[in-house]
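my questions concern the predicted model and sequence given below.
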Amino acid sequence: MSDTAPKIDVVPVTNEGELFQALAIREVVFIEEQSVPEGLERDAEDVSAFHVLAMKGGHAIGTGRLVALTEPPPGEQGKWGRIGRMAVLSSDRKSGVGAKLLTALEAEAKKRGLKGIKLHAQLSAMEFYKRHGYEADGAVFEEAGMPHLEMKKTL
C-alpha cells in the first residue's frame, strides 16, 4: 500500500443519513450482487443494532452491525451478541476492510460487556472468520439461498 492510499476509518453510525449509507452498501452487496430478497436483508433489528461504516476518502465502502442476543448460545454463559450484515463494496474487498469492521464490532461488544459473538458466515467467508478466531458451531445450513455456517468466538 502506498503512502498516497486513502486511510480507512471505521466509525459508528450516529444518525439516519449514516444508517442509509450502511443500508445502501448492503443493498449493493446482498440484494444486487448476491440476489438476497430485500425482505430477508432488511429486518427489525436494524433499528436497535449498533452499526459501523468503513470510510475511505469521505465515502462509505463497508458496513457491519452488532445485535445483542436475548440469551447465550447453548452451553455458554453471560451476555452474547451477533455480528452480521458485514458487507464491503467489491472495489475495496481483499484490502483489509472486513478485518477493520470486524475488529471495531468486537471492540464494541467488549465495551458492552458481552462474553462472546455468534455469526452466520457464508461458506465463502468461513476462512476469513477462522483467521479472526471464530470456530464453526454446527452443520452447514441454507440462508437466503446460500450455504452458511454458524460460528462463534468467546471474547
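Looks like it came in fine. Numbering: from 1, shown residues only.

contacts only, for E45.
By Cβ atoms under 8 Å, 6 or more residues apart in numbering, the residues touching E45 are R65, V67. Any C-beta I mention is one placed from the backbone N, CA and C, and that applies to glycine too.

ramachandran coordinates for it?
As for E45, its main-chain torsions (degrees, to the nearest 10) stand at phi -70, psi -20.

R93: how many residues sit nearby?
Residues near R93, counting by other Cβ atoms under 10 Å, number 14.

now it: how far from A49?
Look at R93 and A49: by Cβ to Cβ, to the nearest Å, they are 23 Å apart.

in the helix-or-strand element of the chain with minimal mean pLDDT, what's buried?
When the helices and strands of the chain are scored by mean pLDDT, DSSP states H and E, helix 38-41 comes last with a mean of 90. Using 16 or more other Cβ atoms under 10 Å as the test for burial, helix 38-41 gives E41.

give me the helices and strands touching the longest helix anywhere in the chain, please.
In the chain, with assignment by DSSP state H, the single longest helix is helix 97-111. On a contact count with 3 or more Cβ pairs under 8 Å, 6 or more residues apart in numbering; DSSP states H and E, helix 97-111 meets strand 8-12, strand 50-56, strand 59-68, strand 80-88, strand 116-122, helix 126-131.

will you turn those into CSV that also has mean neighbour count?
Below are the helices and strands packed on helix 97-111 laid out as CSV (neighbours: other Cβ atoms under 10 Å):
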stretch, mean neighbour count
strand 8-12, 15
strand 50-56, 22
strand 59-68, 22
strand 80-88, 23
strand 116-122, 20
helix 126-131, 15
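
can you tell which of these is closest to S35?
Counting by Cβ to Cβ, S35 lies closest to strand 116-122 out of the helices and strands packed on helix 97-111; the figure is 12.9 Å.

for the closest one, list the C-alpha coordinates in CSV.
What follows is strand 116-122, C-alpha atoms only, in CSV (Å, rounded to 0.1, in the frame of the first residue of the first chain):
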residue,chain,number,x,y,z
GLY,A,116,-18.9,-13.8,23.1
ILE,A,117,-20.0,-13.3,19.5
LYS,A,118,-22.1,-15.5,17.2
LEU,A,119,-22.4,-15.1,13.5
HIS,A,120,-23.7,-16.8,10.3
ALA,A,121,-20.8,-16.9,7.9
GLN,A,122,-21.3,-17.5,4.2
